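Engineer: Predicted model and sequence follow; I will ask about them next.
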Amino acid sequence: MIMLSLWSTLLRPTRVGQLFENHDLSVIKIGEHVKALRCNLINNPTNIVVVSIPSLNTDDEDSGAENTAIHRLKLSCFEKCHSGILFLRSLELHPTDASNVLMIRHLEAFARALPNNESLNQRLSHLKTMLDSNKNCQWHASLFPGIFEGQPEIAWSATLLLLRDISETQRMPPQFPNSRLALKDLADLLFKEFRKKRSGDLGPLVTFARTALEFTPPEHPHHHSVLINLANLLFERFKKKSTKVDLDEVITLRRTAWECMPPDDAEKQTILLHLDDCLCERFKREDAMEDLEEMISLRRLALERTPPPNRCRQLLNLASSVHEKFLKQGLVNDIEEAVSLADTALGLCLPGHSDHPLSRDHLASYLRAKVRARGARAHASDTSSSVSYDIKQLVKKIFFEKVENFPLRLLHTRTGVLCNRDAQLSHFESSRQYEQLLLSTSPRGSQQLETEISDAVLEFFGFAMLSHRWESGEPLLRDVEGKNIYNLGGTDGLAKLQDFCILALEHNFQWAWSDTCCIDKDSSAELQEAIGSMFSRYRRSSLTIVYLSDIFADGSLANSAWFKRGWTLQELLASHTVLFYTHDWSLYKNRDAANHKTDPALLEELHKATEIEKPHLTNFCPGMDDARSRLRWASHRHTTRPEDIAYSLFGIFKVHLPVIYGEFAKHALGRLLAEIISSSGDVSVLDWVGEASSFNSCFPAHLMPYQTEPHVQLIPRNSVKRNGLNLKKARKLCNDLARLPLARCVNKRLTLPSTIHPVTTVRLMESSTNPSRYTYEIHASRLRPVSVTLSAKLGHTSGTYMLARPWNPKSFDATESDDNAVWNFLEQLEQPFNALLLKRLRHNEYKRIASDCTITVCIQDLASTLDSGVVVLDIV
């Protein structure tokens with residue numbers, strides 16, 4: 001109901017501005033206690049007046065207000081209720097006292113027109129008659145719910161009649177559209193107020209919403225909001241009454257609203273999803289294919305409009321509708337798509353994600369449907385003998401086992417067609433090797449037969465891989481899928497792909513793979529899997545063809561940009577057999593060796609171009625060994641996408657980490673370094689100078705610091721120093737270090753086994769010519785004073801800083817009875833070392849500072865060093 005709260009709502013400046021923007025507003029006082037808000041519609045003689053009167057409750061303390069109201073309006077019949085009157089009439093543009101008196105007279109006349117002895121229905125009928133019979137009058141009025149106590153629907157129907165009458169009888173001309181919009185705004189307000197206190201019947205609300213729609217022209221910027229409002233009411237009524245006509249209208253309204261919304265409207269996605277819900281409901285009831293097809297289209301659109309990290313539910317919704325289509329029509333492509341969509345969703349929802357079980361169950365369900373459908377087709381078409389059938393099943397089983405780790409898609413060099421697993425199997429089943437296997441005389445179920453099948457599959461599916469630099473016009477999956485690449489033309493990238501496939505065919509390979517078109521880069525799950533298995537794919541390839549588009553006949557390998565790209569490093573190291581081709585697809589320097597890695601002259605060129613030792617070039621083993629050297633190999637390279645500089649090293653270090661594009665290079669590199677340290681304990685990767693990462697202060701922000709090998713000038717060994725040393729204390733220190741846990745980095749927090757040297761004094765020596773550089777003399781316990789020039793300004797608080805020496809407990813293994821190992825450890829301990837300058841934070845945490853310079857320190861004497869503190873530091 002609208003009571004006095006309506007008056008207070010309308011008097012708020014912000015609400016008034018919202019309702020009647022660009023219209024003249026004025027407040028009219030009728031006596032001391034009765035007020036009215038008048039809105040003059042610009043360039044139109046029509047006025048809207050909302051009158052508020054005090055409560056007529058006899059318990060009201062202000063009896064004077066009550067008496068004034070009764071006297072003024074003669075509404076003594078309306079007891080114990082709040083009243084409001086919506087009033088429309090023509091007034092002068094500038095009302096005078098006389099016009100106010102005229103208004104009061106009209107109000108009194110209207111009050112007299114409704115005798116208090118009539119029933120509610122009689123009052124409503126009387127009101128309608130009065131409105132219908134006074135079409136030539138210049139004013140109309142309607143009573144709000146306070147008049148019709150206990151009958152809000154009737155009261156609001158009366159208000160509705162008034163608003164419609166305003167629209168029809170005033171005949172507001174087109175040149176004054178604001179007049180109509182002001183009525184629309186008022187209708188919106190009345191609707192909101194009524195909805196707060198409405199009863200269970202939605203009929204009046206629906207009718208009122210339709211009226212608001214009538215007042216809103218299609219070109220109005222909020223026309224879609226009115227459509228959505230009416231649709232929501234109809235859908236609410238549909239949920240209660242399940243009326244088909246309501247559902248049909250809801251679908252039409254939401255579809256119209258979505259089409260007329262601005263493209264960048266934040267609510268557009270929500271309306272699309274609501275429309276999809278309605279179509280889904282109607283499909284369940286009527287089973288109409290046109291509804292299912294529209295659902296699929298809407299869900300594809302919703303998926304495109306959803307950011308990749310949040311696509312799980314959208315992928316599953318689309319997969320569900322595509323699966324439903326498969327159940328109706330039985331098309332293989334539909335169940336294949338459903339499987340692919342569910343698999344992509346599962347790739348986005350790692351274990352622990354709330355949608356992971358749902359994605360897994362969807363995928364399992366669709367795979368089951370796919371398997372059963374294939375089994376039914378195979379059973380219907382298989383007319384072979386039982387023995388032949390057994391061999392076929394065994395061949396199929398071994399085929400899928402052997403190609404499981406092969407690329408999912410391969411280009412068939414003879415036909416130029418991109419083939420998935422099923423197409424690959426079909427080619428094999430049409431081959432001479434397959435026919436010979438079916439005729440094999442080897443005993444069924446024997447190891448000999450399985451070996452024959454395995455050898456035949458591996459021989460048939462030997463494939464060549466392309467290693468190159470991406471350039472303009474590279475063909476993607478969608479450009480070649482279902483087509484013959486030899487029939488296509490138009491870009492340099494496509495010509496490169498064609499030349500590569502022809503070259504692979506000349507080397508007697510039926511199959512070829514290129515990273516441009518053989519990966520579905522729109523599938524985050526497939527992209528994740530491809531990046532994670534890229535090293536192993538190049539390792540399994542029979543030949544890697546390296547195309548150097550920027551090297552001509554007399555060029556040198558080292559000048560090619562191929563050696564500056566991030567991804568090509570693992571392609572070079574992983575491949576057993578490599579051939580280099582120049583710009584015109586001729587062999588580099590016409591070296592006709594079967595493998596350029598085994599050509600001594602070319603191997604020397606590769607070593608100089610990459611600074612990688614020859615044994616690694618010819619027989620590289622992925623893993624964590626000598627991690628810092630492997631980081632140095634990549635430090636001169638770059639990638640188009642910043643995060644790829646880390647992702648391209650996953651295979652080299654043999655790590656399996658999520659691919660998260662958008663996380664930024666610092667974070668991607670931080671995750672890689674954290675995995676290296678946590679898996680190997682190798683603290684050499686912490687020995688660098690440069691910009692620190694926001695991931696952890698002990699990690700570099702990029703790979704560039706690894707270009708420089710750390711160097712410390714070693715001092716000659718002096719066996720005389722052993723005299724007088726406490727061997728028992730040395731053995732204890734050695735064993736304490738050996739028992740320390742390996743360094744680990746979890747949740748960006750580095751736990752680092754170290755010996756520590758608290759800084760006792762920091763003395764500013766002099767300012768550098770660079771105002772942002774400071775030279776300090778640092779004194780630390782058991783170390784000789786060291787002079788360093790830093791970008792960080794150090795304080796002088798005692799206990800704030802320390803110099804730390806990281807240790808890898810696996811680097812030595814000294815037992816209590818192995819004195820030689822202890823002495824070797826002591827000789828290592830007395831050597832100068834590059835220290836980490838750490839600053840103590842709260843909660844016993846530390847942060848590396850001054851990472852932009854090398855701090856090489858020497859111990860004071862070996863004896864005092866035996867008292868070094870052995871701790872595990874928490875560094876952020």
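Structural biologist: Ah, there it is.

Engineer: Give the rounded mean pLDDT of stretch 597-615.
Structural biologist: Taken as a whole, stretch 597-615 carries a mean pLDDT of 94.

Engineer: From the chain's centroid, how far away is that stretch?
Structural biologist: In terms of C-alpha atoms, centre = their mean, to the nearest Å, the centre of stretch 597-615 is set 42 Å apart from its chain centre.

Engineer: how long is it end to end?
Structural biologist: From its first residue to its last, stretch 597-615 covers 10 Å (C-alpha to C-alpha, to the nearest Å).

Engineer: Now it: buried residues?
Structural biologist: Residues of stretch 597-615 classed as buried by neighbour count (16 or more other C-beta atoms under 10 Å): 597, 599, 602-603, 605-606, 609-610, 612. (Glycine included, C-beta is placed from N, CA and C.)

Engineer: Likewise for stretch 856-872?
Structural biologist: Residues 857, 859, 862, 865-866, 868, 870 are the ones in stretch 856-872 that count as buried (16+ other C-beta under 10 Å).

Engineer: Just list whatever residues bridge to residue 752.
Structural biologist: residue 873 (DSSP bridges).

Engineer: isn't it right up against residue 875?
Structural biologist: Yes. Under the criterion of C-beta atoms under 8 Å, residue 752 makes contact with residue 875 at 5.7 Å.

Engineer: Give me the common contacts of these two.
Structural biologist: residue 698 (C-beta atoms under 8 Å, 6 or more residues apart in numbering).

Engineer: Between the buried residues of stretch 597-615, which sits nearest residue 233?
Structural biologist: When the buried residues of stretch 597-615 are ranked by distance to residue 233 (C-beta to C-beta), residue 610 comes first, at 70.1 Å.

Engineer: what sits against the closest one?
Structural biologist: Neighbours of residue 610 in contact, by C-beta under 8 Å, 6+ apart: 563, 569, 572, 617, 633.

Engineer: same deal with residue 395?
Structural biologist: Each residue near residue 395 by C-beta under 8 Å, 6+ apart is listed here: 429, 434, 437, 453, 457.

Engineer: before we move on, what about residue 830?
Structural biologist: Shown in contact with residue 830 (C-beta under 8 Å, 6+ apart): 715, 721, 859, 862, 865.

Engineer: next one: residue 497
Structural biologist: Contacts for residue 497 (C-beta under 8 Å, 6+ apart) come out as 411, 466, 475, 480, 485, 514, 516-517.

Engineer: Over to residue 875?
Structural biologist: Counting by C-beta under 8 Å, 6+ apart, the residues that residue 875 touches are 696-698, 749-752, 838, 845-848.

Engineer: Which of the buried residues of stretch 856-872 fall within helices?
Structural biologist: Residues of the buried residues of stretch 856-872 located in helices (DSSP state H): 862, 865.

Engineer: send the alpha carbons of stretch 402-411 over as PDB?
Structural biologist: C-alpha atoms of stretch 402-411 as PDB (Å, rounded to 0.1, in the frame of the first residue of the first chain):
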ATOM      1  CA  LYS A 402      51.000 -46.600 -28.400                       C
ATOM      2  CA  VAL A 403      49.600 -43.300 -29.600                       C
ATOM      3  CA  GLU A 404      48.400 -42.100 -26.200                       C
ATOM      4  CA  ASN A 405      51.300 -39.800 -25.800                       C
ATOM      5  CA  PHE A 406      51.500 -38.800 -29.500                       C
ATOM      6  CA  PRO A 407      49.900 -35.500 -30.600                       C
ATOM      7  CA  LEU A 408      46.200 -35.600 -30.600                       C
ATOM      8  CA  ARG A 409      46.000 -34.300 -34.200                       C
ATOM      9  CA  LEU A 410      48.400 -35.000 -37.100                       C
ATOM     10  CA  LEU A 411      48.600 -33.800 -40.600                       C
END
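
Engineer: And that stretch, how far out from the chain middle?
Structural biologist: Remark: stretch 402-411 is offset 28 Å from the chain centroid, using C-alpha atoms, centre = their mean.

Engineer: who touches it?
Structural biologist: Stretch 402-411 is contacted by residues 417-421, 424, 454, 457-458, 461, 463, 477, 485, 497, 501, 511-514, 517-519, 526, 533, 536-537, 540 when judged by C-beta under 8 Å, 6+ apart.

Engineer: Present the contacts of residue 610 as JSON lines; the columns should include neighbour count.
Structural biologist: Formatted as JSON lines, the contacts of residue 610 follow (neighbours: other C-beta atoms under 10 Å):
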{"residue": "563", "neighbour count": "17"}
{"residue": "569", "neighbour count": "22"}
{"residue": "572", "neighbour count": "24"}
{"residue": "617", "neighbour count": "16"}
{"residue": "633", "neighbour count": "21"}
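
Engineer: Make TSV out of the residues you listed and add distance to residue 391.
Structural biologist: Shown next, in TSV, are the contacts of residue 610 (distance: C-beta to C-beta, whole Å):
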residue	distance to residue 391
563	49
569	44
572	41
617	43
633	48
